[in-house]
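Student: What follows is a predicted structure for the sequence shown.
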Amino acid sequence: MSDEQKTNPQNEPDSNQTNQSQSGTTSSATPQPAPLKPVQRVGKLIPTKKSTLAIMFIVLLVGLGLIMWAWRIGPFHTAIEQTDNSYVKGKTTVLSSQINGYIKDVLVKDFDYVKKGQALMHIDATTYDQKVTQAQSAVEQAKNSLANQTQTIAQRQADIAAAQAKVDQAQAQYDLSMTQLQRYQQLGDSGAASKSERDKAAADVKNNLALLKQAQANVNVAQEALKTAQVAQTGLEAQVTNAQAQLDQATTTKDYSVITAPMDGQLGEVNPRVGQYVAAGSQLLYLIPQQTWVIANFKETQIANMKIGQKVTFTVDALDHQKFTGHVEQ
């Protein structure tokens, strides 16, 4: 067998396949593809280094430590409680004008320290000075009227005394005439006194009785005049009191023209200016008293052992962390 023959069987399938397709044979069978076999995947775990585990463990410990430190639990729990949430508080007093007017003088500057009773500013008091003068004149007039009425009362009392003296005189004359009449009547019975003498004695009694009644009436008139004068005096006394009250009110209103410090403390910004018009109730200055306190905010878990009177210390950032001491008030 030659070499050509040996190679023919290898090429024969191709030749036959070609011939079949070309000759149009009736064979309909087609070659089927071989079925796919499932591929098995083998999972591989990434090996974890010991250093990574150590870092994760350290981070976990640090996180737990921060939580325990923030809540002051575990090894971080101490008897001393601390907070950064605090601020200084004080009772600020607002100084307002009680009258209307123009500012005449401003005697202080921003943030000045002042003493109780110190004058801070003046409001023009020209109008109020005039009202004080008018009130003083009204007081003087009322007092003069009262003084005149006092003299009138004294005169009425003197009139009563004079009228009473006349009553006493008339009473004496009447008593004397009655005695004379009785004497003449006795003498007349014995014939020692004439009828004319007895008639004259009776007439004297009648006349003296009339004079006595007139004197008594004059006393009553004088007493009524005294009562009238006393009533008038009461009214004038009320006028004096009213005039004095108006003077006091005018003086007080004038005093409002001077704005003074009600207590020791430090002023805020001084905004009023000379010539500025202010109305009653206008806020002029802010005064902060020397007595202040610190409001500190703690967590509920921190206040369990706190008591009133306990000593506290705190620092102020604005004062270069200067340390102060105090006590729990409430």
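Tutor: Structure's in. What do you need?
Student: Could I get the average pLDDT for the lengthiest helix in the chain?
Tutor: Longest helix in the chain, counting residues (DSSP state H): helix 126-190. For helix 126-190, mean pLDDT rounds to 88.
Student: can you check stretch 271-278 too?
Tutor: Stretch 271-278 carries an average pLDDT of 94.
Student: Equivalent analysis for stretch 50-60, please.
Tutor: Stretch 50-60 comes out at a mean pLDDT of 82.
Student: Look at residue 66 and say how many residues are nearby.
Tutor: 11 (other CB atoms under 10 Å). Quick note: C-beta positions are derived from backbone N, CA and C, even for glycine.
Student: hmm, back to that, list the helices and strands the helix or strand following the longest helix of the chain packs on?
Tutor: Downstream of helix 126-190, the next assigned helix or strand under DSSP states H and E is helix 195-255. Counting contacts by 3 or more CB pairs under 8 Å, 6 or more residues apart in numbering; DSSP states H and E, helix 195-255 is packed against helix 126-190.
Student: now the helix it packs on against helix 195-255, angle please.
Tutor: 170 degrees (axes from the mean of the first three to the mean of the last three CA atoms, to 10 degrees).
Student: counting contacts, what elements does helix 126-190 pack onto?
Tutor: Counting by 3+ CB pairs under 8 Å, 6+ apart, helix 126-190 packs on helix 195-255.
Student: In whatever helix or strand comes next after the helix it packs on, which residues are buried?
Tutor: Per DSSP H and E, the first helix or strand lying C-terminal to helix 195-255 is strand 258-260. Buried positions in strand 258-260, judged by neighbour count with 16 or more other CB atoms under 10 Å: residue 259.
Student: buried ones in whichever helix or strand comes after strand 258-260?
Tutor: Heading C-terminal from strand 258-260, the first helix or strand you meet, by DSSP H and E, is strand 265-267. For strand 265-267, the neighbour count (16+ other CB under 10 Å) marks 265, 267 as buried.
Student: Show me what strand 265-267 is in contact with.
Tutor: With CB atoms under 8 Å, 6 or more residues apart in numbering as the test, strand 265-267 has contacts from 93, 108, 110-114, 120, 285-290.
Student: And stretch 268-287, by the same measure?
Tutor: Contact with stretch 268-287 is made by 92-106, 108-112, 114, 120-121, 123, 259, 261-263, 265-267, 288, as judged by CB under 8 Å, 6+ apart.
Student: Can you flag the buried ones in the residues you listed?
Tutor: 95, 97, 99, 101, 103, 106, 108, 112, 114, 120-121, 123, 259, 261, 265, 267, 288.
Student: Now intersect those with the helices, please.
Tutor: Per DSSP H, the buried ones among the contacts of stretch 268-287 never map to helices.
Student: In strands only, show me these.
Tutor: 95, 101, 103, 106, 114, 120, 121, 123, 259, 265, 267, 288 (DSSP state E).
Student: Span of stretch 103-123 from start to end?
Tutor: 4 Å (CA to CA, to the nearest Å).
Student: same check, this time on stretch 306-316
Tutor: So stretch 306-316: terminal residues 22 Å apart, CA to CA.
Student: For it, what does the pLDDT average out to?
Tutor: Mean predicted lDDT for stretch 306-316 stands at 82.
Student: What lies in contact with that stretch?
Tutor: Residues from elsewhere that reach stretch 306-316 (CB under 8 Å, 6+ apart): 81, 86, 88, 294, 296, 298, 321-330.
Student: Quickly check these for the two that are furthest apart.
Tutor: 321 and 330 (26.0 Å; CB to CB).
Student: Neighbour count for those two, which is higher?
Tutor: Between residue 321 and residue 330, counting by other CB under 10 Å, residue 321 is the more crowded of the two (8 against 4).
Student: Quick check: phi and psi on the more buried one?
Tutor: Residue 321 adopts backbone torsions of phi 60, psi 40, taken as degrees, to the nearest 10.
Student: And the closest residue to it other than its chain neighbours, which helix or strand is it part of?
Tutor: What sits nearest to residue 321 in space, not counting adjacent residues and going by CB to CB, 6 or more residues apart in numbering, is residue 315, at 4.5 Å. Assigning secondary structure by DSSP H and E places residue 315 in strand 311-316.
Student: Next secondary structure after that strand?
Tutor: strand 322-327.
Student: and the angle from that next one to strand 311-316?
Tutor: 150 degrees.
Student: Look up the closest residue to residue 112, ignoring the ones flanking it.
Tutor: Residue 112 sits nearest to residue 267 (CB to CB, 6+ apart), 5.1 Å away.
Student: Who does that neighbour form a beta bridge with?
Tutor: residue 287 (DSSP bridges).
Student: average pLDDT for the one helix or strand residue 284 maps to?
Tutor: Using DSSP H and E, residue 284 falls within strand 283-289. For strand 283-289, mean pLDDT is 90.
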